[in-house]
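Asks: Attaching a predicted model along with its sequence, questions to come.
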2 protein chains.
Amino acid sequence: MKFKLPETPAVRVKGKSFRLAAVDPDAATPFAHKRPSESAARPRLLALRQRLCVLQELLYAEHKRSLLIVFQALDTGGKDGAIENLLTGVNPAGVQVATFKAPSQEELSHDFLWRIHAHTPKQGHIGVFNRSHYEDVLITRVHGLVDDKKARQRFEAINNFESLLTHNGTRILKFFLHISKQEQAERLQERLDDPGKNWKFDPNDLKERALWDDYQHAFEDALRHCSPDSAPWFVVPANRKWVRDLAIIEIVVAALEDMNPKPRPINFDPKQQVII
Amino acid sequence: MKFKLPETPAVRVKGKSFRLAAVDPDAATPFAHKRPSESAARPRLLALRQRLCVLQELLYAEHKRSLLIVFQALDTGGKDGAIENLLTGVNPAGVQVATFKAPSQEELSHDFLWRIHAHTPKQGHIGVFNRSHYEDVLITRVHGLVDDKKARQRFEAINNFESLLTHNGTRILKFFLHISKQEQAERLQERLDDPGKNWKFDPNDLKERALWDDYQHAFEDALRHCSPDSAPWFVVPANRKWVRDLAIIEIVVAALEDMNPKPRPINFDPKQQVII
């Protein structure tokens, strides 16, 4: 990692021995230590949001590099909420959110990175992936469409692809929103009980839930193999939404501070310009 | 127009006799009548923003129709600011902002709507165009690349294109941000005087400013020819930023209220779903 990690309950994945089960989805340290509650953490969140807005504008004004933020989670893991809360107040003109669903026939008739590549952020922009190329070593693997050998090949392809982006000036951060199986049950039940949330429920989610352990294993394997210093994965304890949101914005702001964007130099003398 | 226009200083373009010069860029009626200042208008702005967030989520939940908002203006007209202020607080995952700059060689080797079509909003989304296909009857016309006959042809092509989108469930709103020549001079000067804004200044803007009258004429002609009830143009007095922002969000919210989106029906019985 190229930047100093802020105090965070999120765990940066480093090395092949990483164990997902070792991360507690309920963790809140150090936030809980100093700020035992959502309300106590709120001033810090608001300060970070303000800073994020400033940094985004500088990145845009620099128009040279970009930031790519990848979100992955199991169903109800909180991707939508995390993205919304991260980007609150950020100028939408400088942000592109790409949501990847089941690939189309045309997308399937290309390599698995083809449709992803089309959505990488341009210079000066923040790109956010709601799901990503990692789906192709997750859902496909759990359902037996991709075997271990193929998965290894794809891990390498992913690392090479992300390296291409990094060398072109894109900083990459990847967040896995880590919830417990019990938390997922409660969130699914809420979608059933609240008529206003019914549309978010898909009976198919229950079939995927039955494969919980397989998903944990597939995630763990992907995280272990694709978390180089230049494009790290962070496992974010996500049972508590405020911990999740604060952990994410802490890391995003720290990365942007490290990038230290500056408005691009001007090639004229402001004093010589005359407005008639 | 399919919806009741709220009280607004913005002027809806209707018919071939429309005159741009008849709209006062400083206008604030009725806002100034009831709410003489930005601070007095603020509660209304905040209420509209909250409502916009709710309507956007419903549009997303419905996942059937979409909204396309086009912004055009002369340099410093306030497109970036208007877009940022309109979308503040709206879930970025449901919004796509497309900024159209000078076309690339590849884009130029297709018809003028080709690159635009690729960015029309998908179902459930709000699409925002920062500049648009109208550039091809504005800058090109002022610089003599498009003659009157070609312009008429393009107006027809634009109307047909927008009609295609409308029939596919996309509501279209178009805003021309109307500033005075004096206001532009002040805003350009500010970009020169404030080192933090230098990067926004382009010496080329002065050459375009010299063509002010030609641009007014080209805009007027485009507005007259391409403002059917189904895809109306609004001329927004934009010398005062708060009037501009309030006028825009009033119209956007009114259009969404008229669309009246509802979450898509579910095809399962919530009571029959058992979470294990």
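Replies: Right, received. Where do you want to start?
Asks: Could you look up the SS state of the closest residue in space to A:N85 that isn't next to it in sequence?
Replies: Ranked by CB to CB, 6 or more residues apart in numbering or on different chains and with sequence neighbours excluded, the top spatial neighbour of A:N85 is A:D245, at 4.5 Å. Placement of C-beta: from N, CA and C, glycine included. The three-state label given to A:D245 by DSSP: H, G, I helix; E, B strand; the rest coil is helix.
Asks: Tell me, how many residues neighbour A:D245?
Replies: Residue neighbour count, defined by other CB atoms under 10 Å in any protein chain shown, stands at 24 for A:D245.
Asks: Same question for A:S180.
Replies: Once other CB under 10 Å is used to define contacts, A:S180 is seen to have 15 neighbours.
Asks: same thing with A:L46?
Replies: Summarising burial for A:L46: neighbours were counted as other CB under 10 Å, giving 12.
Asks: what's it sitting at in phi/psi?
Replies: For A:L46, the backbone dihedrals are phi -60, psi -40 (criterion: degrees, to the nearest 10).
Asks: quick one: it and A:G89, what's the gap?
Replies: Plainly put, A:L46 is 9 Å away from A:G89 if you go by CB to CB, to the nearest Å.
Asks: any idea where the strands of chain A begin and end?
Replies: Chain-ordered strands for chain A, with DSSP state E as the definition, fall at A:11-12, A:66-73, A:95-99, A:126-130, A:170-178, A:233-237.
Asks: want to throw these into TSV with mean pLDDT, distance to chain B and mean neighbour count?
Replies: Shown next, in TSV, are the strands of chain A (pLDDT from 0 to 100; distance: least, CB to the nearest CB, whole Å; neighbours: other CB atoms under 10 Å in any protein chain shown):
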stretch	mean pLDDT	distance to chain B	mean neighbour count
strand A:11-12	94	25	18
strand A:66-73	98	10	24
strand A:95-99	94	5	21
strand A:126-130	97	6	23
strand A:170-178	98	15	24
strand A:233-237	98	18	26
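Asks: Among those, which comes closest to B:P9?
Replies: With CB to CB, the closest approach to B:P9 among the strands of chain A belongs to strand A:95-99: 30.3 Å.
Asks: List the neighbours of stretch A:55-65 that are in contact with it.
Replies: A:66-67, A:90-91, A:94-95, A:123-126, A:169-171, A:253, A:256-257, A:259, A:261-264, B:199 (CB atoms under 8 Å, 6 or more residues apart in numbering or on different chains).
Asks: Test for you: state the pLDDT assigned to the spatially closest residue to A:P30 that is not a sequence neighbour.
Replies: The shortest distance from A:P30 to any residue other than its chain neighbours is 4.7 Å, reached at A:E7 (CB to CB, 6+ apart). A:E7 carries a pLDDT score of 86 in this model.
Asks: For A:E7, give its distance to A:T29.
Replies: The spacing between A:E7 and A:T29, counted by CB to CB, is 9 Å.
Asks: Same question for A:D245.
Replies: To A:T29, A:D245 is 16 Å away according to CB to CB.
Asks: for A:S227, same thing?
Replies: When distances are taken as CB to CB, A:S227 and A:T29 turn out to be 22 Å apart.
Asks: out of these two, which sits in the busier spot?
Replies: Neighbour totals were compared for A:S227 and A:T29, and A:S227 leads with 22 against 13 (other CB under 10 Å).
Asks: Distance of the more buried one relative to B:K150?
Replies: Counting by CB to CB, the separation of A:S227 from B:K150 is 55 Å.
Asks: What of A:E38?
Replies: Counting by CB to CB, the gap from A:E38 to B:K150 is 60 Å.
Asks: go on, A:D75?
Replies: Computed with CB to CB, the distance linking A:D75 and B:K150 is 53 Å.
Asks: between the two, who's got more neighbours?
Replies: A:D75 (19 against 14).
Asks: With adjacent residues omitted, what lies nearest to the more buried one?
Replies: A:D205 (4.6 Å).
Asks: What ranges does chain A have for its helices?
Replies: Counting by DSSP state H, one finds helices in chain A at the ranges A:31-34, A:38-62, A:79-87, A:105-108, A:114-117, A:139-142, A:148-167, A:181-193, A:204-209, A:212-225, A:241-259.
Asks: What pLDDT is listed against the residue nearest to A:D75?
Replies: For A:D205, the model assigns a pLDDT of 93.
Asks: what about it, how many neighbours?
Replies: Quick note: A:D205 (other CB under 10 Å) scores 18 neighbours.
Asks: what do you get for A:S37?
Replies: Using other CB under 10 Å, the number of residues around A:S37 comes to 12.
Asks: Over to A:H117?
Replies: As a burial measure, A:H117 scores 13 neighbours (other CB under 10 Å).
Asks: What degree of burial does the closest residue in space to A:F100 that isn't next to it in sequence show, as a neighbour count?
Replies: Take A:F100 and drop its neighbours on the chain: the residue closest to it by CB to CB, 6+ apart is A:R131, 4.3 Å away. Applying the criterion other CB under 10 Å, we find 18 residues in the vicinity of A:R131.
Asks: Neighbours of the residue nearest to A:P30, how many?
Replies: Around A:E7 there are 11 other residues, counting by other CB under 10 Å.
Asks: Roughly how far does it sit from A:I69?
Replies: The value you get for A:E7 to A:I69, if CB to CB is used, is 20 Å.
Asks: do the same with A:G144
Replies: Remark: distance between A:G144 and A:I69 (CB to CB) = 30 Å.
Asks: for A:T29, same thing?
Replies: From A:T29 over to A:I69 the distance is 24 Å, taken as CB to CB.
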